[in-house]
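S.K.: just need the structure, nothing else, for what follows:
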Amino acid sequence: MRKSFIMAVALSGAVINTFYSVDILRSIYDSQYNSAIKEIMISAVVLEIGWITLLIWVIIDPFERRHILLFTIPPILLGNILHGVNQFWSHSENLMAIALNTAFGLFYSALFFAAFMAGKDEKN
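M.R.: Numbering: from 1, shown residues only. The predicted model follows:
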(Lines give C-alpha, C1' and ligand atoms only; values in the text may rest on other atoms or scores of the structure.)
Protein backbone atom coordinates (compact mmCIF):
# COMPACT_ATOMS: atom_id res chain seq x y z
CA MET A 1 0.00 0.00 0.00
CA ARG A 2 2.79 2.44 0.89
CA LYS A 3 4.64 1.58 -2.31
CA SER A 4 1.51 2.27 -4.35
CA PHE A 5 1.07 5.64 -2.63
CA ILE A 6 4.64 6.71 -3.40
CA MET A 7 4.26 5.54 -6.99
CA ALA A 8 0.92 7.37 -7.40
CA VAL A 9 2.35 10.65 -6.10
CA ALA A 10 5.40 10.39 -8.36
CA LEU A 11 3.18 9.50 -11.31
CA SER A 12 0.90 12.46 -10.65
CA GLY A 13 3.93 14.77 -10.72
CA ALA A 14 5.17 13.19 -13.95
CA VAL A 15 1.74 13.60 -15.56
CA ILE A 16 1.44 17.26 -14.51
CA ASN A 17 4.95 17.99 -15.80
CA THR A 18 4.10 16.22 -19.07
CA PHE A 19 1.12 18.51 -19.58
CA TYR A 20 3.27 21.55 -18.77
CA SER A 21 6.01 20.48 -21.18
CA VAL A 22 3.57 19.78 -24.02
CA ASP A 23 1.91 23.17 -23.48
CA ILE A 24 5.26 24.97 -23.47
CA LEU A 25 6.43 23.02 -26.52
CA ARG A 26 3.31 24.07 -28.43
CA SER A 27 3.92 27.70 -27.42
CA ILE A 28 7.39 27.62 -28.96
CA TYR A 29 5.73 27.57 -32.38
CA ASP A 30 3.49 30.55 -31.57
CA SER A 31 4.51 33.54 -33.69
CA GLN A 32 3.75 36.03 -30.92
CA TYR A 33 6.96 35.06 -29.09
CA ASN A 34 10.37 36.31 -30.19
CA SER A 35 13.47 34.12 -30.33
CA ALA A 36 14.68 35.18 -26.86
CA ILE A 37 11.41 34.04 -25.26
CA LYS A 38 11.52 30.83 -27.30
CA GLU A 39 15.02 30.08 -25.97
CA ILE A 40 13.67 30.35 -22.43
CA MET A 41 10.77 28.05 -23.37
CA ILE A 42 13.20 25.49 -24.80
CA SER A 43 15.10 25.48 -21.50
CA ALA A 44 11.82 25.10 -19.62
CA VAL A 45 10.77 22.11 -21.75
CA VAL A 46 14.14 20.42 -21.23
CA LEU A 47 13.92 20.96 -17.46
CA GLU A 48 10.37 19.60 -17.40
CA ILE A 49 11.46 16.50 -19.32
CA GLY A 50 14.34 16.04 -16.88
CA TRP A 51 11.96 16.23 -13.94
CA ILE A 52 9.55 13.80 -15.62
CA THR A 53 12.46 11.38 -16.01
CA LEU A 54 13.39 11.70 -12.33
CA LEU A 55 9.81 11.08 -11.22
CA ILE A 56 9.55 8.02 -13.46
CA TRP A 57 12.81 6.84 -11.92
CA VAL A 58 11.11 7.08 -8.51
CA ILE A 59 8.24 4.95 -9.79
CA ILE A 60 10.66 2.20 -10.85
CA ASP A 61 12.14 1.86 -7.33
CA PRO A 62 9.97 3.98 -5.00
CA PHE A 63 11.51 3.09 -1.62
CA GLU A 64 15.10 3.54 -2.74
CA ARG A 65 14.51 6.76 -4.71
CA ARG A 66 11.80 8.43 -2.64
CA HIS A 67 14.25 11.18 -1.61
CA ILE A 68 13.75 12.74 -5.04
CA LEU A 69 10.26 13.64 -3.85
CA LEU A 70 11.83 15.94 -1.24
CA PHE A 71 13.72 17.79 -3.96
CA THR A 72 10.42 18.30 -5.75
CA ILE A 73 8.81 20.20 -2.87
CA PRO A 74 10.63 23.58 -3.14
CA PRO A 75 9.99 23.97 -6.91
CA ILE A 76 6.32 23.05 -6.44
CA LEU A 77 5.84 25.57 -3.67
CA LEU A 78 7.91 28.37 -5.21
CA GLY A 79 6.40 27.81 -8.66
CA ASN A 80 2.85 28.04 -7.35
CA ILE A 81 3.57 31.18 -5.32
CA LEU A 82 5.30 32.90 -8.26
CA HIS A 83 2.49 31.85 -10.61
CA GLY A 84 -0.05 33.45 -8.27
CA VAL A 85 2.01 36.65 -8.02
CA ASN A 86 2.34 36.75 -11.82
CA GLN A 87 -1.43 36.35 -12.22
CA PHE A 88 -1.96 39.15 -9.71
CA TRP A 89 0.39 41.60 -11.46
CA SER A 90 -0.26 40.76 -15.10
CA HIS A 91 -3.99 40.05 -15.07
CA SER A 92 -5.11 42.47 -12.36
CA GLU A 93 -6.49 39.61 -10.31
CA ASN A 94 -7.13 39.95 -6.62
CA LEU A 95 -5.05 38.46 -3.83
CA MET A 96 -7.17 35.31 -4.02
CA ALA A 97 -5.05 34.13 -6.99
CA ILE A 98 -1.93 34.20 -4.84
CA ALA A 99 -3.75 32.53 -1.94
CA LEU A 100 -5.20 29.74 -4.11
CA ASN A 101 -1.91 29.01 -5.86
CA THR A 102 -0.08 29.01 -2.52
CA ALA A 103 -2.70 26.71 -0.97
CA PHE A 104 -2.41 24.29 -3.91
CA GLY A 105 1.38 24.39 -3.65
CA LEU A 106 1.21 23.67 0.09
CA PHE A 107 -1.24 20.81 -0.45
CA TYR A 108 0.78 19.21 -3.21
CA SER A 109 4.03 19.72 -1.26
CA ALA A 110 2.44 18.00 1.74
CA LEU A 111 1.39 15.14 -0.52
CA PHE A 112 4.97 14.70 -1.75
CA PHE A 113 6.26 14.85 1.82
CA ALA A 114 3.69 12.26 2.92
CA ALA A 115 4.80 9.99 0.08
CA PHE A 116 8.42 10.41 1.18
CA MET A 117 7.49 9.53 4.77
CA ALA A 118 5.44 6.53 3.62
CA GLY A 119 8.65 4.76 2.59
CA LYS A 120 10.74 5.80 5.56
CA ASP A 121 10.86 2.46 7.40
CA GLU A 122 11.01 0.19 4.36
CA LYS A 123 14.04 -2.10 4.27
CA ASN A 124 15.43 -2.83 0.81
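S.K.: let me see the ranges of the helices in the chain.
M.R.: 2-28, 35-60, 62-65, 67-91, 95-118 (DSSP state H).
S.K.: now the ones you listed in JSON lines, with mean pLDDT and mean neighbour count?
M.R.: All C-beta atoms are positioned from the backbone trio N, CA, C, and that covers glycine. Listed next are those as JSON lines, based on pLDDT from 0 to 100; neighbours: other C-beta atoms under 10 Å:
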{"stretch": "helix 2-28", "mean pLDDT": "93", "mean neighbour count": "16"}
{"stretch": "helix 35-60", "mean pLDDT": "93", "mean neighbour count": "15"}
{"stretch": "helix 62-65", "mean pLDDT": "94", "mean neighbour count": "18"}
{"stretch": "helix 67-91", "mean pLDDT": "87", "mean neighbour count": "15"}
{"stretch": "helix 95-118", "mean pLDDT": "90", "mean neighbour count": "16"}
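S.K.: wait, residue 84 sits on residue 103?
M.R.: No. Counting by C-beta atoms under 8 Å, residue 103 is not a contact partner of residue 84; they are 9.4 Å apart.
S.K.: distance check, residue 36 against residue 49.
M.R.: 21 Å (C-beta to C-beta, to the nearest Å).
S.K.: repeat that for residue 113.
M.R.: In terms of C-beta to C-beta, residue 113 sits 24 Å off from residue 49.
S.K.: what does residue 19 give?
M.R.: 13 Å.
S.K.: next: residue 31.
M.R.: For residue 31, the distance to residue 49 - C-beta to C-beta - is 24 Å.
S.K.: same question for residue 64.
M.R.: Relative to residue 49, and taking C-beta to C-beta, residue 64 is found at 22 Å.
S.K.: now do residue 9
M.R.: The spacing between residue 9 and residue 49, counted by C-beta to C-beta, is 19 Å.
S.K.: centroid-nearest residue for the protein?
M.R.: Residue closest to the average C-alpha location in the chain (C-alpha atoms, centre = their mean): residue 76, at 5.1 Å.
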